[in-house]
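Trainee: Following is a predicted model, sequence given first.
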Amino acid sequence: MTAARQRRGRRGEDLAERWYTERGYLVADRNWRSRQGELDLIVTTPGVVVFCEVKTRSSNRFGSPAEAVTYDKQRRIRRLAREWLDQTQHRAARVRFDVASVLLSGRDDPVVEVLSDAF
């Protein structure tokens with residue numbers, strides 16, 4: 001991955017994190033890794049743990065960022081979420097999977113759209 005793509009991805013994650021914290025969520029983890037992959041952002045609100053996959057692009061030319069979260073990616077995120085819950089022994093009444101779609105075009109302000117309960 002190029003340095004520019006890494007910076008864009010990090011910026012998208014920063015913006016998604018801010019979107020959640022402005023709405024009262026607490027950040028439980030970010031860029032959590034295991035042998036199976038990585039979880040971008042894990043936030044909580046009373047009784048709910050949210051696993052958020054953040055997709056950042058500079059344009060919609062190849063589709064919206066959220067469209068990049070394929071069925072296989074969803075399955076991997078679910079497996080990783082189980083692993084994170086087991087390792088942290090975090091208990092929640094509900095688990096939710098969101099997708100944050102971040103557009104960073106150079107001339108306009110960034111656009112963050114969060115699809116709650118995306119899968």
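Mentor: Alright, I've got the coordinates. Numbers count the residues shown, from 1 in each chain.
Trainee: how close does the residue of the chain positioned farthest from its centre sit to Ala16?
Mentor: Distance to the chain centre peaks in the chain at Arg107, reaching 24.1 Å (criterion: CA atoms, centre = their mean). Distance of Arg107 to Ala16, given as CB to CB, to the nearest Å: 21 Å. Every residue, glycine included, has its C-beta placed from N, CA and C.
Trainee: got it, and Gln74?
Mentor: Taken as CB to CB, the span from Gln74 to Ala16 is 17 Å.
Trainee: and the residue farthest from the centre of the chain, what does it touch?
Mentor: Under the criterion of CB atoms under 8 Å, 6 or more residues apart in numbering, Arg107 has no contact partners.
Trainee: What separation do you get for it and Ser58?
Mentor: For Arg107, the distance to Ser58 (CB to CB) stands at 11 Å.
Trainee: before we move on, what about Leu115?
Mentor: 20 Å.
Trainee: And for Arg82?
Mentor: 33 Å.
Trainee: got the buried residues for stretch 43-52?
Mentor: Across stretch 43-52, burial judged by 16 or more other CB atoms under 10 Å covers Val43, Thr44, Val49, Val50, Phe51, Cys52.
Trainee: CA atoms only: put that stretch into CSV for me.
Mentor: C-alpha atoms of stretch 43-52 as CSV (Å, rounded to 0.1, in the frame of the first residue of the first chain):
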residue,chain,number,x,y,z
VAL,A,43,-16.9,2.0,19.6
THR,A,44,-19.4,1.5,22.4
THR,A,45,-22.5,3.1,23.8
PRO,A,46,-24.4,1.7,26.8
GLY,A,47,-25.3,-1.9,26.0
VAL,A,48,-23.9,-1.9,22.4
VAL,A,49,-20.6,-2.6,20.8
VAL,A,50,-20.2,-1.3,17.3
PHE,A,51,-17.6,-2.7,14.9
CYS,A,52,-17.1,-0.2,12.1
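Trainee: how deep is Asn31 tucked in, by neighbour count?
Mentor: 13 (other CB atoms under 10 Å).
Trainee: Apart from its chain neighbours, what residue comes closest to it?
Mentor: Once flanking residues are discounted, Asn31 sits nearest to Glu38: 6.1 Å by CB to CB, 6 or more residues apart in numbering.
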